[in-house]
Each structure stands twice: as structure tokens, then as C-alpha cells.
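S.K.: Need a 3D model of the sequence below.
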Amino acid sequence: MILTVGPRVLLVRRSPGLRAFPGLWAFPGGKVSRDDAEVAVEGISDRAGAASIVAAVREVFEETGVLLARTRARVPASLREELRRGLLAGDFGFARVAGRTGARLRASDFVPVAERVTPAWAPFRFATTFYRMPLPAGEAPAIWPGEIVESALVAPEAALERWTAGALPLAPPVIGLLERWTTDAAAYRKRNRDSGRREPGVAPWVRPWPGVALIACRTRTLPPATHTNALLVGGRRRYLVDPAPEDPDERRALFARVDRLLAEGGAKLDGVLVTHHHADHTGSVLEAAERYRTPVGAHPETLARLPPVSRPMPLTGGEALPLGEAPDGSADWRLVVRFTPGHAPGHLAFEENRYGAVLAGDLVSSLSSILIPPEDGDLGLYMESLGRLAADCRGPVLPAHGPAVVPGKRLLEKQLRHREAREASLVAALGAEPRSLGALAAKVYPVAEVPADGPVRRLALAALTSGLRKLEREGRAVREPGGWVAGVCARDERAGGGA
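M.R.: This next block holds a predicted model:
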């Protein structure tokens with residue numbers, strides 16, 4: 001629901017703990033529930049459309065306390081609070097609210113102005129209708145911290161200025177809806193419809209943060225991911241990070257989008273950057289470098305594992321790549337190279353210095369934990385890299401797989417705690433008698449968490465192998481002919497003597 005008060009719109013900030021758009025500002029709303037179909041909506045025969053309107057009304061009431069319905073009299077505050085608490089607790093549906101308050105819903109009050117479908121790479125997908133209406137007289141938002149933590153009435157242009165300054169992180173669909181804002185509902189709907197049309201042969205994109213375009217490309221990556229994010233970052237000077245697709249059609253669609261974005265911004269591509277050498281990150285690196293006649297920036301360990309590039313640009317960490325002027329007009333905008341080994345020997349992350357946004361590659365994912373491959377990964381180095389970046393992080397994290405996360409520090413710390421907990425369970429599973437990899441996996445990755453066989457179990461065994469090798473280097477595990485046993489340091493830990 002896009003609720004208006006004069007020239008302003010109501011935005012709400014979503015809790016950082018939510019799966020969808022955590023920590024971002026958006027319009028209030030949510031999913032249609034089964035009970036929503038039980039409520040009548042005047043002036044509409046389409047049952048799905050009616051349920052969508054009821055869902056909008058119910059979600060706005062739950063999140064803000066605003067009742068978007070016609071009633072004969074003002075609903076008493078005590079009854080309003082009672083009904084809102086019942087809805088939030090799931091004790092009943094909106095039909096109870098309508099019955100207790102005499103609320104009537106009329107379809108003509110809800111003006112549909114946009115339809116959007118979340119992209120194919122999203123971990124959860126919604127077909128969403130955006131409605132617009134004035135905030136009813138006498139209604140005012142009252143936020144109860146939960147899914148929503150605060151609200152603001154702000155003019156669209158002011159919201160965009162604050163977003164550009166890094167002070168108001170917006171959900172990507174909201175950015176375009178604010179940019180196309182007009183008080184004329186018909187014109188607004190046309191603008192949104194035109195902008196929402198899929199361009200054949202051009203990859204879709206989103207703006208997770210000022211100065212960054214995210215273009216998710218289908219790749220042969222590890223589950224649950226299906227795509228790898230190519231990131232175009234900068235102003236007049238831009239860098240393309242991890243052009244990934246191997247498929248020719250996917251590659252053409254990526255380049256068509258990059259061409260479009262460069263032309264619209266009057267920008268040039270200064271380089272192709274590679275976070276690491278894995279195939280789901282490098283499928284179009286050589287083609288991109290040739291197409292845009294630009295160098296390939298990567299760690300020497302990565303360059304050594306790639307096919308020869310004509311213009312290598314070795315990066316070892318600490319370099320600052322100029323980006324031109326930042327979106328808010330700040331000068332000296334740069335992309336700082338961070339050496340973050342562990343997932344791969346030459347893994348790099350990139351941090352822009354204006355907002356602190358981190359282009360993290362496979363240091364972290366917002367879909368799952370990252371596999372540390374036993375072949376050339378190092379779990380100890382990985383955890384050190386994760387810890388350093390978590391300590392320094394002050395902005396969003398844009399991983400190679402999954403949506404951006406705000407604040408990024410929360411994601412990094414969560415992943416670090418997950419690794420530490422998994423390691424502790426592995427140490428606890430080791431004993432004085434040798435245990436095979438399979439026996440240890442049954443303790444550390446029980447069947448209730450990971451299927452007994454199949455690709456996910458194989459990934460778990462690979463992760464377990466990397467964990468054992470880390471413990472072996474630290475003297476906390478020993479490999480014997482019959483399997484693995486606890487090392488001296490692990491036995492000391494259990495005895496309370498420390499490691």
C-alpha cells in the first residue's frame with residue numbers, strides 16, 4: 001500500500017531479522033492469506049483481486065495500526081488494540097475485524113498502480129500488486145516493534161535524496177516507484193507499466209545500493225543458489241565484478257544490460273574484476289575484457305588459474321580503484337581491494353569508500369553458508385577473513401549469491417557464529433577411538449538437517465573434510481588409518497586446560 005498524506009508517502013522499515021528485504025525501508029504490505037478470501041469487497045468480482053485488497057488492508061492494520069476501511073464511527077482505541085493483537089497472534093483473520101468494527105471495503109478506494117514479480121534468482125518469489133490511496137482522515141501509524149521497527153512520512157524526492165546519501169536504505173522495487181512518482185494516478189500507472197516490461201535479450205537488474213547495479217546471471221553453481229551476481233559499480237568510471245555466465249545467451253543478455261547502463265550513465269568501463277577463479281564467477285571474464293577493451297583485475301593466484309588474459313591487472317589487497325563522483329556528489333569515490341583468502345587462495349572482496357558497501361564474492365552468501373572446498377580452500381584463513389571483514393563492515397554486503405543484506409555486519413557475524421558452532425560440534429564428535437568421515441558426518445550433519453544421500457550430503461562431507469583439515473593443522477584432530485581422533489589440543493580443551 002502506497003499511502004499518501006499530501007505530497008508525502010508512508011514508508012516503514014522492516015526488521016533486520018526478516019528474510020525478505022531485511023532492514024530496508026518499503027511500503028507496508030504482505031502476503032495474501034487463505035482467510036482473506038472470506039471478506040467481501042464491494043465493486044469487484046475477481047476473487048483473487050478481492051483477496052489481494054483484503055490482504056493489503058489486513059497487513060497495513062497489523063504493521064501500522066491504520067485501518068483502511070469504511071466504518072460508521074471511529075473504532076475505539078481499546079477495540080482496535082485488541083483486534084490488532086489478535087491478528088498478529090494469528091488467533092483469527094480479518095473477517096473478525098470487519099465483523100467487530102462494521103468495516104466495509106470498496107474496491108474503488110484502492111487504485112492499483114503497479115505490478116511486480118520478484119526475479120527468478122530470489123530465494124522467495126512474490127507477484128505483488130501495489131495500490132495507492134490517501135491515508136484516511138483520523139488514521140495515524142502506530143508502530144509496534146516486530147516485523148516493522150519504525151515508520152516515516154516523507155516526500156518521494158526527499159526519500160530518494162536520503163537513499164542517495166546512504167541514510168535511507170530502500171527495498172529495490174521502492175526506488176523505481178519513488179522515481180516515477182506523480183500525483184496523477186493514471187500517469188503513474190502508465191509509467192510503472194512501461195518500466196516493468198521485460199526487454200527480450202536484456203538481463204533484468206536491480207539497484208541494491210547507490211552506484212551499484214546487480215545483474216543476476218544463471219550459472220552452474222552450487223545449491224541452493226542458481227545464479228551468480230555480476231555487479232556493475234561506479235559513476236563515470238565503472239568496474240564489472242564477476243561477469244559469470246558460460247551460456248552464450250545468458251552472456252549476451254548480461255552484456256546487453258551492461259551496454260545499456262553504461263550508455264545511460266555516460267560512463268566507461270575501467271576494468272573487469274574477479275573475486276576468485278571458480279567457474280561460476282568467471283564464465284564471461286575473457287569475453288567481457290575483449291568486448292570492453294579493458295584489463296582484468298584479480299589476485300595473482302586467480303590470474304594463474306584463469307586462461308591467459310591480454311591485460312592482467314594483479315591486485316593483492318589495499319589498492320584503491322577510482323570510481324569518479326559518488327551518487328551524492330562526493331569526490332574521491334574509490335573501490336578498495338580487500339584480500340580475503342580461504343574460500344579460494346586468491347579471493348578478493350571490494351569495498352567502496354563512500355557508503356561502505358562490500359562486494360563480497362563468495363566470502364559470504366545470503367542464501368546459505370559458503371562451502372570451503374577441500375581441494376584448495378582453507379577454513380582457517382576463511383574464518384580469519386570473515387572475522388576481519390565483520391569487524392570493519394559499516395555498510396551493506398552484496399554477496400555473489402543471493403540478495404544484498406543491510407546491515408552487512410549482521411550477516412557476516414551470523415556466518416562467523418555459524419562456523420564456530422559447527423566447529424564446536426565437530427570437536428565434540430571426535431573421540432579417542434577413530435571415527436570415519438561418515439560417522440562424524442552423522443553427528444555433525446544429522447539426517448534431520450541434511451539428507452542421508454544426494455548432492456547436499458556430498459557437500460556436507462566436503463565441508464566436514466575442510467573442517468577436519470583445519471583442526472588437524474591446529475593440533476585438535478589427528479588422522480589415523482581407521483579415521484579421525486581428537487588431538488592433544490582438543491583433549492586439553494575438554495579438560496579445561498585450553499588449547
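S.K.: so what's residue 484 up against?
M.R.: Residue 484 makes contact with 430, 434, 435, 436, 437, 440, 468, 477, 478, according to Cβ atoms under 8 Å, 6 or more residues apart in numbering. (C-beta placed from N, C-alpha, C; glycine too.)
S.K.: swap the cut-off to 6 Å and go again
M.R.: Listed by Cβ atoms under 6 Å, 6 or more residues apart in numbering, the contact partners of residue 484 are 435, 468, 477.
S.K.: want to throw the residues you listed into a markdown table with distance to residue 347 and neighbour count?
M.R.: Converted to a markdown table, the contacts of residue 484 look like this (distance: Cβ to Cβ, whole Å; neighbours: other Cβ atoms under 10 Å):
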| residue | distance to residue 347 | neighbour count |
| --- | --- | --- |
| 435 | 31 | 19 |
| 468 | 21 | 22 |
| 477 | 24 | 22 |
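S.K.: can you redo those as JSON lines with distance to residue 34, secondary structure and pLDDT?
M.R.: Shown next, in JSON lines, are these (distance: Cβ to Cβ, whole Å; DSSP: H, G, I helix; E, B strand; the rest coil; pLDDT from 0 to 100):
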{"residue": "435", "distance to residue 34": "48", "secondary structure": "strand", "pLDDT": "93"}
{"residue": "468", "distance to residue 34": "47", "secondary structure": "helix", "pLDDT": "95"}
{"residue": "477", "distance to residue 34": "51", "secondary structure": "strand", "pLDDT": "94"}
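S.K.: List the buried residues of the longest helix anywhere in the chain.
M.R.: Longest helix in the chain, counting residues (DSSP state H): helix 408-429. Neighbour counts over helix 408-429 (16 or more other Cβ atoms under 10 Å) mark 408-413, 415-416, 419, 422-423, 426-427, 429 as buried.
S.K.: ok, now stretch 433-445?
M.R.: 435, 440, 441, 444, 445.
S.K.: circling back to that earlier point, ok, and what's touching the longest helix of the chain?
M.R.: Contacts of helix 408-429 (Cβ under 6 Å, 6+ apart): 16, 358, 364, 369, 383, 386-387, 389-390, 393, 396-397, 405, 440, 443-444, 467, 490.
S.K.: can you give me the strands for the stretch 301-450 of the chain?
M.R.: Ranges of strands in the stretch 301-450 of the chain, per DSSP state E, counting those that start in this stretch, are 312-314, 320-324, 333-339, 348-352, 358-361, 397-399.
S.K.: Run me through the strand neighbours of the fifth one, direction for each.
M.R.: I take that to be strand 358-361. Strand 358-361 has its sheet partners listed here by DSSP bridges as strand 348-352 (antiparallel), strand 397-399 (parallel).
S.K.: How about the secondary structure of the nearest residue to residue 19 once chain neighbours are set aside?
M.R.: Leaving aside its sequence neighbours, residue 19 sits nearest to residue 124 (Cβ to Cβ, 6 or more residues apart in numbering; 6.6 Å). Of the three states, residue 124 takes coil under DSSP: H, G, I helix; E, B strand; the rest coil.
S.K.: Contact partners for the most centrally placed residue in the chain?
M.R.: In the chain, the centroid-proximal residue (Cα atoms, centre = their mean) is residue 403; its distance is 2.2 Å. Residues in contact with residue 403, defined by Cβ under 6 Å, 6+ apart, are residue 366.
S.K.: Show the model's pLDDT score for it.
M.R.: In this model, residue 403 is scored at 91, pLDDT.
S.K.: Check the gap between it and residue 127 for me.
M.R.: With the distance defined as Cβ to Cβ, to the nearest Å, residue 403 ends up 18 Å from residue 127.
S.K.: got the angle for the longest helix of the chain vs strand 348-352?
M.R.: Interaxial angle, helix 408-429 versus strand 348-352 (axes from the mean of the first three to the mean of the last three Cα atoms, to 10 degrees): 150 degrees.
S.K.: Among the buried residues of stretch 433-445, which one lies nearest to residue 162?
M.R.: Closest approach between the buried residues of stretch 433-445 and residue 162, by Cβ to Cβ: residue 445, at 44.3 Å.
S.K.: thought the closest one was touching residue 460?
M.R.: Yes. Using Cβ atoms under 6 Å, residue 445 is in contact with residue 460, at 4.3 Å.
S.K.: what's the closest of the strands of the stretch 301-450 of the chain to residue 165?
M.R.: Closest approach to residue 165 among the strands of the stretch 301-450 of the chain (Cβ to Cβ): strand 333-339, 13.3 Å.
S.K.: how far does that closest one sit from the chain's center?
M.R.: Centroid separation for strand 333-339 versus its chain: 21 Å, with Cα atoms, centre = their mean, to the nearest Å.
S.K.: Equivalent analysis for stretch 422-429, please.
M.R.: Here stretch 422-429 is found 29 Å from its chain centre; the criterion is Cα atoms, centre = their mean.
S.K.: what's the answer for stretch 170-190, then?
M.R.: 22 Å.
S.K.: List of residues touching it?
M.R.: Outside stretch 170-190, the residues that touch it by Cβ under 6 Å, 6+ apart are 21, 24-26, 111, 113, 116, 156, 159-160, 163, 191-192, 206-207.
S.K.: in this structure, which segments are predicted with low confidence?
M.R.: For the chain, applying pLDDT under 70 flags the ranges 489-499.
S.K.: do that again at 50, thanks
M.R.: Along the chain, the model assigns pLDDT under 50 to residues 498-499.
S.K.: Okay, domains of it per the record?
M.R.: Annotated domains of the chain cover 2-195, 206-420, 430-495 [automatic domain parsing].
S.K.: number of nearby residues for residue 127?
M.R.: Residue 127: 10 surrounding residues under other Cβ atoms under 10 Å.
S.K.: now it, nearest residue through space, not along the chain?
M.R.: Leaving aside its chain neighbours, residue 127 sits nearest to residue 117 (5.0 Å; criterion: Cβ to Cβ, 6+ apart).
S.K.: returning to what we had before: and among the domains of the chain, the most buried is which?
M.R.: With neighbours defined as mean count of other Cβ atoms under 10 Å, these peak in mean count at domain 206-420, which reaches a mean of 20.
S.K.: ends of that domain, how far apart?
M.R.: End-to-end distance for domain 206-420: 33 Å, by Cα to Cα, to the nearest Å.
S.K.: That one: how far from the chain's middle?
M.R.: Distance, centroid of domain 206-420 to centroid of chain: 14 Å (Cα atoms, centre = their mean).
S.K.: show me where the stretch 251-400 of the chain has helices.
M.R.: Assigned by DSSP state H, counting those that start in this stretch, the stretch 251-400 of the chain shows helices spanning 279-282, 285-292, 300-303, 379-392.
S.K.: will you turn these into TSV that also has distance to residue 486?
M.R.: As requested, these are arranged in TSV below (distance: least, Cβ to Cβ, whole Å):
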stretch	distance to residue 486
helix 279-282	36
helix 285-292	44
helix 300-303	33
helix 379-392	18
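S.K.: Go through these and name the closest to residue 88.
M.R.: Across the helices of the stretch 251-400 of the chain, residue 88 has its closest neighbour in helix 379-392 (32.9 Å, Cβ to Cβ).
S.K.: What is the closest one packed up against?
M.R.: When contacts are defined as 3 or more Cβ pairs under 6 Å, 6 or more residues apart in numbering; DSSP states H and E, helix 379-392 packs onto helix 408-429, helix 455-473.
S.K.: who touches it?
M.R.: Applying Cβ under 6 Å, 6+ apart, the contact partners of helix 379-392 are 340, 341, 342, 343, 372, 412, 413, 416, 419, 466, 467, 470.
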